[in-house]
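Asker: Structure for this input, please:
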Amino acid sequence: MPNFAGLEDEFCQKDTAKVWLQSIPYDGTSTWGKGADKSFAPFLDALENMELYDIETDSEVYHEGVHILDPITEKSTPEAVFKAIYESTTELLKADKFLTFFGGEHSISIGIIKAFYEKFDNLTVLQLDAHTDLRPSYLGTPYNHACAVYDASLNTNLIQVGIRSMDISEMKYLNKEKTYFAEEIYGTTDWMQKSIDQLTDDVFITIDLDAFDPSIMPSTGTPEPGGLLWNPTIQYLRKVFEQKNVVGFDIVELAPIKGLKGPDFLVAKLYYKLLSYKFKFNGK
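Answerer: Residues are numbered from 1 along each chain as shown. Okay, the predicted model is just below:
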């Protein structure tokens, strides 16, 4: 496994790194565009070609250390994948590290979130996504990408941002007071603090990259028009990190398009931004 961002070994040692990065290259239940299981290498390549000084936070967060863990390679069934991820994450949470995860499709989040809400009382899950992902079961399994936050909706404080696609059957599971539809927040900022005020102290962030508009993020399985744009999104995420304790995050659903490196770079920049915010602000 290559070092994070091509860094020297001193910044990537498992014991001393403050951040652990887990790749979960699973794409078994996605129902349209495929390729999320092949996204980690393009993501790492983009990181190696990105400037590691963050202007906004005046920091080089890589000095905190980022260690890439061995990937979770279970792919046999959705149930087996869920079990492997849940058990692995439960073990990882015993270490004093900031845990980050990279998909893979959004079903990987189900096991991750369960492990987190079992550790953190009164956890908020902040979901940036084009889709509600609130089906109790889909195509014969509760561990489908269309079910990514159904369990979270029952066991955490779920806040959903960027939503613009859902099945009518999901409406009964939707909390409209905690859902920020893309068309309602477009061009405004007042929703940002309103949603942050709904967060509990400890927050896990799950980012499905189709939350972004396909004009800047076409490399995803279901690119929905009318999505989030870069600057408002990172401004919002900065506010979250400034005011709350983000305990971990995942980024899912990058499906690389051959010859189109811009979206890969966006994801690398997003990941690094989140780390920069975490160690600059840490909820202060």
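Asker: Test for you: state the pLDDT assigned to Lys34.
Answerer: pLDDT recorded at Lys34 is 83.
Asker: ok, and what's touching the strand or helix carrying Thr100?
Answerer: Thr100 is located in strand 98-103, with elements delineated by DSSP states H and E. Residues external to strand 98-103 that are found in contact with it (C-beta atoms under 8 Å, 6 or more residues apart in numbering): 18-26, 36, 39-40, 43, 89, 92-93, 108-109, 112, 248-254, 271, 274-275, 278. All C-beta atoms are positioned from the backbone trio N, CA, C, and that covers glycine.
Asker: In the stretch 1-150 of the chain, where is pLDDT below threshold?
Answerer: Low-confidence segments of the stretch 1-150 of the chain, defined by pLDDT under 70, are located at 33.
Asker: got the contact list for Gln13?
Answerer: Counting by C-beta under 8 Å, 6+ apart, the residues that Gln13 touches are Gly65, His67.
Asker: helix or strand for it, which one?
Answerer: Short version: Gln13 belongs to no helix or strand, going by DSSP H and E.
Asker: From Thr100, how far out is it?
Answerer: For Gln13, the distance to Thr100 (C-beta to C-beta, to the nearest Å) stands at 17 Å.
Asker: repeat for Ala17
Answerer: Counting by C-beta to C-beta, the separation of Ala17 from Thr100 is 11 Å.
Asker: Convert the C-alpha atoms of stretch 260-272 to PDB, please.
Answerer: The C-alpha trace of stretch 260-272 is given here as PDB (Å, rounded to 0.1, in the frame of the first residue of the first chain):
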ATOM      1  CA  LEU A 260     -11.400  12.700 -16.400                       C
ATOM      2  CA  LYS A 261      -9.200  13.600 -13.400                       C
ATOM      3  CA  GLY A 262     -11.000  16.700 -12.100                       C
ATOM      4  CA  PRO A 263     -13.500  14.800 -10.000                       C
ATOM      5  CA  ASP A 264     -10.800  12.600  -8.500                       C
ATOM      6  CA  PHE A 265      -8.900  15.700  -7.500                       C
ATOM      7  CA  LEU A 266     -12.100  17.300  -6.000                       C
ATOM      8  CA  VAL A 267     -12.400  14.200  -3.700                       C
ATOM      9  CA  ALA A 268      -8.800  14.400  -2.700                       C
ATOM     10  CA  LYS A 269      -9.200  18.100  -1.900                       C
ATOM     11  CA  LEU A 270     -12.400  17.400   0.000                       C
ATOM     12  CA  TYR A 271     -10.800  14.700   2.100                       C
ATOM     13  CA  TYR A 272      -7.800  16.900   2.900                       C
END
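Asker: Now tell me what touches it from outside.
Answerer: For stretch 260-272, the surrounding residues in contact (C-beta under 8 Å, 6+ apart) are 39, 42-43, 45-47, 49-50, 52, 54, 61, 100, 102, 207, 209, 212, 216-220, 230, 234, 251, 254, 256-257.
Asker: Just the buried ones from the residues you listed?
Answerer: Burial by neighbour count, 16 or more other C-beta atoms under 10 Å: within the contacts of stretch 260-272 this picks out 39, 42-43, 45-47, 52, 54, 61, 100, 102, 207, 209, 212, 217-220, 234, 251, 254, 256-257.
Asker: Do you have the strands of the stretch 1-150 of the chain handy? List them.
Answerer: 19-24, 66-68, 98-103, 124-128 (DSSP state E, counting those that start in this stretch).
Asker: thinking again about what came up before, overlap of the contact sets of Ala17 and Thr100?
Answerer: Going by C-beta under 8 Å, 6+ apart, no residue sits against Ala17 while also sitting against Thr100.
Asker: longest helix in the chain, by residue count?
Answerer: helix 262-280 (DSSP state H).
Asker: Any buried residues in it, and which?
Answerer: 263-280.
Asker: Would you map the helices across the stretch 1-150 of the chain?
Answerer: Taking DSSP state H, counting those that start in this stretch, the helices of the stretch 1-150 of the chain run over residues 40-48, 78-92, 108-119, 150-155.
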